[in-house]
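Trainee: Got a predicted structure here, sequence first:
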Number of protein chains: 2
Amino acid sequence: MQQLKGIKVLLVDDEPSILQFLELGLQNEGFEVQTAMEGMTAINIAKEFHPHVVVLDVMMPGMDGFEVCRMLRKTENVAVIMLTARDEVEDRVKGLTIGADDYMVKPFSFEELLARIHARIRNQFPNLFGEVVIGPFRIDNRRKEIKHEDRVLELSPTEYNLLEFLLLNHGLVLSKAVILSKVWGYDFGGEENIVEVYIRSLRDKLNDKEHRLIRTLRGSGYRVDII
Amino acid sequence: MQQLKGIKVLLVDDEPSILQFLELGLQNEGFEVQTAMEGMTAINIAKEFHPHVVVLDVMMPGMDGFEVCRMLRKTENVAVIMLTARDEVEDRVKGLTIGADDYMVKPFSFEELLARIHARIRNQFPNLFGEVVIGPFRIDNRRKEIKHEDRVLELSPTEYNLLEFLLLNHGLVLSKAVILSKVWGYDFGGEENIVEVYIRSLRDKLNDKEHRLIRTLRGSGYRVDII
DNA sequence: CTCAAAATTCAACAAATTTTAAGCATGCTT
DNA sequence: AAGCATGCTTAAAATTTGTTGAATTTTGAG
């Protein structure tokens, strides 16, 4: 059985009975669950709660699931699973479920939902389960800690995010634009120079004076080389 | 979590919400994205942008997806993925006959679109992914690295681009004009002498003193000979 | 509200890359 | 072999890109 402590799910549906049923079921599986019955509420909760997965009914009074999904995506790094009723599929909703990472047609079994949540988490948050070991590094996502050769690095939140991203993508050249959009968010307004500044800070803390750990590929970006 | 920097996607749909959603999602995955809401616009953008993949809605006011697809194929080397609503599935045959590489039925998940884009790129632009082996050379686009007999070449960005171009077209005679336009871009203002300068630099780094790897064909251009 | 840590911006500096240009070498034609 | 065209080599100028330390702004805890 998979360890799911610390994985957060936000359920959004205007039907209280469904909501309660899913909430109980998921809590029973070890998830942390919050619920909302309305789009705007969902977005506000998400800003505090930072769920890993949002399960979202498409048809809701007021703001519909599509709109909620779009707004969530702007600020949260989250997987979205949409729910649609069968007769809505043929309707105007057709094509609108497109923005979600996955969608399910009602009615569905609880097992099916569980399976899809697992799939999404595995896909989007691979490092959420326990420690990820990458060469001389160990990323502990739960503790927000990275060790380098058994030495805990004292990192600010942004430094942590950046180093985690670099490590999880070691071996690939990552352009400053990609790093910006992945670590700072696609809507970050500032200059790419900030990436350079943080890279420097990481190199400092890693004693990477020769730039051998974090290599600069002039004109292309940076690449972490695990030896 | 895969980085796909450098892969360009053109989205064509007359529904702004869908367009925006796919754009955000794909950008978030590291793609370069452009969008068009109308067939003629799409074709004009494609001429400048040279996308690797075009995602094309069949049903559009004015020029329909089939027409756009046919015109694109005339001038661009591009993979086309068509989108059709469920009740338009008969169009599928038409789409594939006319030259689409793949098609998807709405509604679809974002994941599914990603998977298909990956599949198409893998198929049509293999050098954008893993390693391409050409004789004693290995091009790794994602690492921005070229190995020669297991030795990593230290190349500047332009040297890399040039060598990649030469290798991918080995056996062909490439005139300086063609090299200039392909490696430096059609709007480069300088002299062809710069090609000579860079060829020399490559020959240096390849220990190609005898010009056996990169052969000069006086009056015609250069040719890479893979033994 | 205050303060310190963190995040961001800025600008001077450093380094690598690209481009240019001039002289040299080589091969081709007559 | 002379003369010409084409390609080669080289080094220095111009440009681009990355680095760095410090200044400034923002954020969040107490």
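Mentor: Sure, I can see it.
Trainee: quick one: the strands in chain A?
Mentor: For chain A, the strands defined by DSSP state E cover A:8-12, A:32-36, A:53-57, A:79-85, A:102-106, A:131-134, A:137-140, A:145-148, A:151-152, A:214-217, A:221-224.
Trainee: Flag every residue of chain A that's near DNA strand D.
Mentor: Counting by Cβ under 7 Å from any atom of the strand, chain A comes close to DNA strand D at A:176, A:193, A:196-197, A:199-200, A:203, A:211, A:216, A:218-221. C-beta here means a position set from N, CA and C on the backbone, and glycine is covered the same way.
Trainee: Tell me the one of those residues nearest A:Gly6?
Mentor: If you rank these by distance to A:Gly6 using Cβ to Cβ, A:Ile199 comes first, at 29.4 Å.
Trainee: Go ahead and confirm A:Pro136 touches A:Glu149.
Mentor: Yes - with contact defined as Cβ atoms under 8 Å, A:Pro136 counts as touching A:Glu149 (4.9 Å).
Trainee: Mind listing what's buried along the lengthiest helix in chain A?
Mentor: Across chain A, the longest stretch assigned as helix under DSSP state H is helix A:110-124. Within helix A:110-124, the residues that count as buried by 16 or more other Cβ atoms under 10 Å in any protein chain shown are A:Leu113, A:Arg116, A:Ile117, A:Arg120, A:Ile121.
Trainee: how about the residues of chain A next to DNA strand D in CSV, adding neighbour count and distance to DNA strand C?
Mentor: As requested, these are exported to CSV (neighbours: other Cβ atoms under 10 Å in any protein chain shown; distance: Cβ to the nearest atom of the strand, whole Å):
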residue, neighbour count, distance to DNA strand C
A:Lys176, 17, 12
A:Asn193, 9, 5
A:Glu196, 13, 7
A:Val197, 10, 4
A:Ile199, 21, 11
A:Arg200, 13, 9
A:Arg203, 17, 14
A:His211, 12, 10
A:Thr216, 13, 8
A:Arg218, 7, 4
A:Gly219, 12, 6
A:Ser220, 17, 10
A:Gly221, 21, 13
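Trainee: can you narrow these to ones near chain B?
Mentor: Filtering these for neighbours of chain B using Cβ under 8 Å from any Cβ of the partner chain leaves A:Arg218, A:Gly219, A:Ser220, A:Gly221.
Trainee: How about the second one, nearest residue that isn't a chain neighbour?
Mentor: Closest residue to A:Gly219 in three dimensions, ignoring its sequence neighbours and counting by Cβ to Cβ, 6 or more residues apart in numbering or on different chains: B:Pro157, at 3.9 Å.
Trainee: quick one: that neighbour and A:Arg218 touch, right?
Mentor: Yes - using Cβ under 8 Å, B:Pro157 and A:Arg218 qualify as a contacting pair, with a distance of 6.5 Å.
Trainee: which one of A:Pro136 and A:Glu149 has more residues nearby?
Mentor: A:Pro136 (14 against 9; other Cβ atoms under 10 Å in any protein chain shown).
Trainee: How about the contacts made by that one?
Mentor: A:Pro136 makes contacts with A:His148, A:Glu149, A:Ile226, as judged by Cβ atoms under 8 Å, 6 or more residues apart in numbering or on different chains.
Trainee: Report pLDDT for it.
Mentor: Reading off the confidence values, A:Pro136 has pLDDT 95.
Trainee: Quick check: residues of chain A near DNA strand C?
Mentor: Counting by Cβ under 7 Å from any atom of the strand, chain A sits next to DNA strand C at A:156-159, A:184, A:188-191, A:193-194, A:197-198, A:218-219.
Trainee: Which ones among these map onto helices?
Mentor: A:Pro157, A:Thr158, A:Glu159, A:Asn193, A:Ile194, A:Val197, A:Tyr198.
Trainee: okay, the residues you listed in TSV with pLDDT and distance to A:Asn77 next?
Mentor: Output for these, formatted as TSV (pLDDT from 0 to 100; distance: Cβ to Cβ, whole Å):
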residue	pLDDT	distance to A:Asn77
A:Pro157	95	14
A:Thr158	96	14
A:Glu159	97	17
A:Asn193	97	23
A:Ile194	97	19
A:Val197	98	22
A:Tyr198	98	18
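Trainee: from those, which would you call buried?
Mentor: Buried residues within these, counting neighbours by 16+ other Cβ under 10 Å: A:Glu159, A:Ile194, A:Tyr198.
Trainee: quick one: contacts for the closest residue to the last one other than its chain neighbours?
Mentor: In space, and not counting its chain neighbours, A:Tyr198 is closest to A:Leu162: 5.3 Å by Cβ to Cβ, 6+ apart. Shown in contact with A:Leu162 (Cβ under 8 Å, 6+ apart): A:Ile179, A:Val183, A:Val195, A:Tyr198, A:Ile199, A:Leu202.
Trainee: now, which of those sits nearest DNA strand D?
Mentor: Of all the contacts of A:Leu162, DNA strand D sits closest to A:Ile199, with 5.7 Å by Cβ to the nearest atom of the strand.
Trainee: per-residue pLDDT, the closest one?
Mentor: Note on A:Ile199: pLDDT of 98.
Trainee: you'd agree it is up against A:Gly221?
Mentor: No - with contact defined as Cβ under 8 Å, A:Ile199 does not count as touching A:Gly221 (10.0 Å).
Trainee: May I see the ones in helices among the residues of chain A next to DNA strand C organised as TSV, with distance to A:Gly171 added?
Mentor: Output for those, formatted as TSV (distance: Cβ to Cβ, whole Å):
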residue	distance to A:Gly171
A:Pro157	25
A:Thr158	23
A:Glu159	21
A:Asn193	25
A:Ile194	24
A:Val197	24
A:Tyr198	20
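Trainee: Just flag the most distant two among the residues you listed.
Mentor: Across these, no pair lies farther apart than A:Pro157 and A:Asn193, at 19.2 Å, counting by Cβ to Cβ.
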